[in-house]
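S.K.: Whatever this is, show me its structure:
(chains A and B)
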Amino acid sequence: MRLLRCGHDAVLVEVDSLVEVDAVRASLLAASGRDELGDLVELVPAARTVLAAFRPGTGEHGRQAVREILDAADLAHPVRTSPREITLPVVYDGPDLALVADTAGLSTKDTVAAHTGAVYTVAFSGFAPGFGYLTGLPEPLRQPRLDSPRTSVPAGAVGVAGEFTGVYPRPSPGGWRLIGRLADDAEPLFDPSREPAALLAPGDAVRFEAAG
Amino acid sequence: MSRAITVLDPGPLALVQDLGRAGNGHIGVPPSGALDTPSLRLANRLVGNPEPAAGIETVLGGLRLRAECSCTVAITGPSTSVHIRRSTVDSHAPVHLRAGDELTVGRPNTGLRCYIGVSGGIAVPAQLGSRATDMLSGIGPAPLRAGDRLPLGSPGTPEGFDGVPPVSAPDELVVPVVLGPREDWFDDPAGQLAAGSWTVSAESNRVGIRLDGPALRRAERHRDIELPSEAVITGAVQVPANGRPVIFLADHPTTGGYPVIGVATALPALAQARPGVTVRLRPTR
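M.R.: Prediction:
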């Protein structure tokens, strides 16, 4: 683990795996809940890092607290939390479903069963508001991105890429292999006027169920 | 009648801004908010608002408004002319408008962004705790258009008078940069930053200031490799593949896959830097 300076008021914690990212995030969130982390403003996990940003002028104190909390934490055995559980209804008719099934050596039916059979964790967000990178994808579904990304992927499209699966919250370009779409009556992934605005946040547990 | 102002002409770009919605990076939402926060805070103080109230941020002036009620306004940022009822008044001072009065913000001679504070604050609905327009994510009100009617909150009482002189935006900026988190991706990072001189590109916007000038050289062991995406903060000096630094401003993406050599301070001054302004980066630890 390395603590990297990030301006006057933030620190970037660098670790070796997504499991450790989750452990760092959970440790710091728990410490913040116990009021041991000063004036924490942002806690942003990513692939190998967690950013902790503090109220301007309090970064020195915050960095010291992060160091002490993580020195005492056992990152191999993360803090057990009870995550929010979210189930997303999906219509599995994506344009790349046959490609994903072929690559996996499965029928489309078994591909859908594999995707709906797993419990995923939101590892981090990014790319667009409300876009969660979900880990826990069964091995056969871990596949490369498309050789040439689509210029437009519709909102609600469900895709896989590498070790991740995820749902596009808004129309955007994208290179993930698309296996389905959120059901028409599903809650939108992101709505800035809703509380909470994002359906998925880091640490949440997510299941997909076949709909329609 | 409810308190409101109507936009008659937004000029080149006029946005509702407050102090933003920091704290949502973990769901992919940028902080947004006024780029020159001291100027927004001052505009609010001048009209008796709490400093975080929402006002209007303009680029190169040009905004024309009509008051639909009696209200107090103040224009801050770079010094500019302000026209009301066919007379010219000073920026950086509270001005009273009667219902029906029209106000025009002139084009500033230096700098980019003026702030218009209105007594009661712009009271459009908040999203994620802020009324700021986020140009990257499309959160908050759309950029202002002619005909937009903006509701105002309840006015407070101005407390005294700020005698703050307008900022004059310089042609050359020296920007302190705290090295890290990825300075080790570069050959002699402090030396390269200190030796270089860049100019603000016309491609700059609320997402970031793009700098034209020398490309920053990566260290041998970090050439041709990718950085897993990681969170970035406002002020981060990110160095994309072409080596020309980008200084992230309030509407920056929450994560990035290029190394950040350092974090710039002096963001309010950068918010006023026009294309062509010279920028020197002064590395600090």
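S.K.: What does residue 109 show for phi and psi?
M.R.: All of this refers to chain A. With angles defined as degrees, to the nearest 10, A:Lys109 sits at phi -60, psi -40.
S.K.: Chain neighbours aside, what residue packs nearest to B:Pro259?
M.R.: Nearest non-adjacent residue to B:Pro259, counting by Cβ to Cβ, 6 or more residues apart in numbering or on different chains: B:Arg182, 3.6 Å away. Where C-beta positions appear, they are placed from N, C-alpha and C, glycine not excepted.
S.K.: next one: B:Thr265
M.R.: Counting by Cβ to Cβ, 6+ apart, the residue nearest B:Thr265 is B:Pro176, at 5.0 Å.
S.K.: what kind of secondary structure is A:Pro192 in?
M.R.: coil (DSSP: H, G, I helix; E, B strand; the rest coil).
S.K.: about what we covered before: if I look at the residue nearest to B:Pro259, how far off is A:Ala101?
M.R.: Plainly put, B:Arg182 is 40 Å away from A:Ala101 if you go by Cβ to Cβ, to the nearest Å.
S.K.: These two: which is more packed in?
M.R.: With neighbours defined as other Cβ atoms under 10 Å in any protein chain shown, B:Arg182 and A:Ala101 compare such that B:Arg182 has more, 25 against 20.
S.K.: close enough to count as contact, the more buried one and B:Leu227?
M.R.: Yes: B:Arg182 sits in contact with B:Leu227 when judged by Cβ atoms under 8 Å, with a separation of 7.0 Å.
S.K.: which residues do these two both contact?
M.R.: Counting by Cβ atoms under 8 Å, 6 or more residues apart in numbering or on different chains, the common neighbours of B:Arg182 and B:Leu227 are B:Pro259.
S.K.: coming back round to it: can you pull the contacts of the residue nearest to B:Pro259?
M.R.: Per Cβ under 8 Å, 6+ apart, neighbours of B:Arg182: A:4, B:227, B:259-261.
S.K.: So what does A:Ala205 have for phi and psi?
M.R.: Dihedral angles (degrees, to the nearest 10) for A:Ala205: phi -100, psi 130.
S.K.: no, scratch that, I was asking about A:Thr103
M.R.: The phi/psi pair for A:Thr103 (degrees, to the nearest 10) is phi -60, psi -40.
S.K.: start to end distance for stretch B:21-31?
M.R.: End-to-end distance of stretch B:21-31: 5 Å, with Cα to Cα, to the nearest Å as the criterion.
S.K.: try stretch B:128-143
M.R.: Using Cα to Cα, the two ends of stretch B:128-143 sit 18 Å apart.
S.K.: in it, what counts as buried?
M.R.: Along stretch B:128-143, these residues count as buried under the neighbour rule (16 or more other Cβ atoms under 10 Å in any protein chain shown): B:128, B:130-137, B:139-141.
S.K.: Chain A next: which of the residues you listed are close?
M.R.: B:128, B:137, B:139-140 (Cβ under 8 Å from any Cβ of the partner chain).
S.K.: Using the three-state scheme, assign A:His61.
M.R.: helix.
S.K.: measure the residue nearest to it when sequence neighbours are not counted to chain B for me?
M.R.: Once flanking residues are discounted, A:His61 sits nearest to A:Gly38: 4.9 Å by Cβ to Cβ, 6+ apart. Distance of A:Gly38 to chain B, given as Cβ to the nearest Cβ, to the nearest Å: 14 Å.
S.K.: Next one: the residue nearest to B:Gly256 when sequence neighbours are not counted relative to B:Pro189, how far apart?
M.R.: Sequence neighbours aside, B:Val232 is the residue nearest to B:Gly256 in space, at 4.7 Å (criterion: Cβ to Cβ, 6+ apart). Distance, B:Val232 to B:Pro189, by Cβ to Cβ: 17 Å.
S.K.: Settle it for me: which of the two has more neighbours?
M.R.: Neighbour tally, B:Val232 and B:Pro189, criterion other Cβ under 10 Å: the higher count belongs to B:Val232, 29 against 24.
S.K.: Test my guess that that one contacts B:His252.
M.R.: Yes: using Cβ under 8 Å, B:Val232 makes contact with B:His252 at a distance of 6.2 Å.
S.K.: buried residues in the lowest-mean-pLDDT helix or strand in chain A?
M.R.: Scoring the helices and strands of chain A by mean pLDDT, DSSP states H and E places strand A:172-174 at the bottom, with a mean of 92. Buried residues in strand A:172-174, defined by neighbour count with 16+ other Cβ under 10 Å: A:172, A:174.
S.K.: which secondary structure elements does that strand contact?
M.R.: strand A:150-153 (3 or more Cβ pairs under 8 Å, 6 or more residues apart in numbering or on different chains; DSSP states H and E).
S.K.: quick one: contacts for A:Ser172?
M.R.: A:127-128, A:152-153.
S.K.: Need the residues that contact the helix or strand hosting B:His83.
M.R.: Take DSSP states H and E as the rule and B:His83 turns out to sit in strand B:82-84. Identification of contacts with strand B:82-84 by Cβ under 8 Å, 6+ apart yields B:75, B:88-91, B:95, B:97, B:101-106.
S.K.: what's downstream of it, the next helix or strand?
M.R.: Once the chain leaves strand B:82-84, the following helix or strand, as judged by DSSP H and E, is strand B:87-89.
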